[in-house]
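Participant: Next come a sequence and a model predicted from it.
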Amino acid sequence: MVQVLFLGTHTPKLDDKGRMFLPAKFRPRLEKGLVVTRGQERCLYVYPQDEFERIAMQWQSSPTTSRAVRDYQRVFLSGASDEVPDKQGRVTIPQILRDYAGLSTECTVIGAGNRVEVWDTAAWTAYLEQTEDAFAEQSEEVVPGLM
C-alpha cells in the first residue's frame, strides 16, 4: 500500500453523541477502519487500522522486562478503540478518550504524518503558543541527518 501522509489543520465539531466528521481529505485512508488511542500531550492519536497493527506488532519484540515499555504499552493499548467511520464520514470517540483529551465541542484535527491527532481546540492553541517560537528559532538538527 502506498503510504499517505496526513497533513494540515482542520476544525470539526464533536456532536452530543461523541461523533466527529473526519476531514474529507483523510477519509479515503481511514474509511476501512481506524484505531483511536491516547497520545502524548493529552491529544488522541488516530491511525489507519493497518498502520496501528504494524506498530503493535513491532512492540511484540520489545523487552517486557522494561517497566517503561510495559507502562507505555498498557496505557496506549488499553485506551485503543477500533472504529469504522459511518457513511457520512463520522467516527465515534469513546467517552474514556474524550475525557483523556479534554474534548468538548470544539476540536482541532491535525495531520501528523502517519497519524492524525485530535486536540481540544483550546489545548491545541495553548500548545502552539508554547512551541511555535522554539520551532521558528530552531538552529540545530532535531532529527539527525534529516533536519
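Facilitator: Right, received. Where do you want to start? Numbering: from 1, shown residues only.
Participant: Show the residue spans covered by the strands in the protein.
Facilitator: Assigned by DSSP state E, the chain shows strands spanning 9-10, 19-21, 34-38, 44-48, 81-83, 90-92, 107-111, 116-120.
Participant: Just put these in CSV and tack on mean neighbour count, distance to T64 and mean pLDDT.
Facilitator: Placement of C-beta: from N, CA and C, glycine included. As requested, the strands of the chain are exported to CSV (neighbours: other C-beta atoms under 10 Å; distance: least, C-beta to C-beta, whole Å; pLDDT from 0 to 100):
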stretch, mean neighbour count, distance to T64, mean pLDDT
strand 9-10, 16, 37, 98
strand 19-21, 20, 35, 98
strand 34-38, 22, 19, 98
strand 44-48, 24, 22, 98
strand 81-83, 15, 23, 97
strand 90-92, 19, 31, 97
strand 107-111, 21, 32, 98
strand 116-120, 24, 28, 98
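Participant: and V69, which of those strands is closest to it?
Facilitator: strand 34-38 (15.8 Å; C-beta to C-beta).
Participant: possible to save the strands of the chain as JSON lines with distance to R70?
Facilitator: Conversion of these to JSON lines gives the following (distance: least, C-beta to C-beta, whole Å):
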{"stretch": "strand 9-10", "distance to R70": "34"}
{"stretch": "strand 19-21", "distance to R70": "31"}
{"stretch": "strand 34-38", "distance to R70": "15"}
{"stretch": "strand 44-48", "distance to R70": "19"}
{"stretch": "strand 81-83", "distance to R70": "21"}
{"stretch": "strand 90-92", "distance to R70": "29"}
{"stretch": "strand 107-111", "distance to R70": "29"}
{"stretch": "strand 116-120", "distance to R70": "24"}
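Participant: Quick one: closest of those to A68.
Facilitator: Once the strands of the chain are compared by C-beta to C-beta, strand 34-38 is nearest, at 15.7 Å.
Participant: Any regions of this protein where pLDDT drops low?
Facilitator: Scanning the chain for pLDDT under 70 picks out the ranges 1-3, 139, 141-147.
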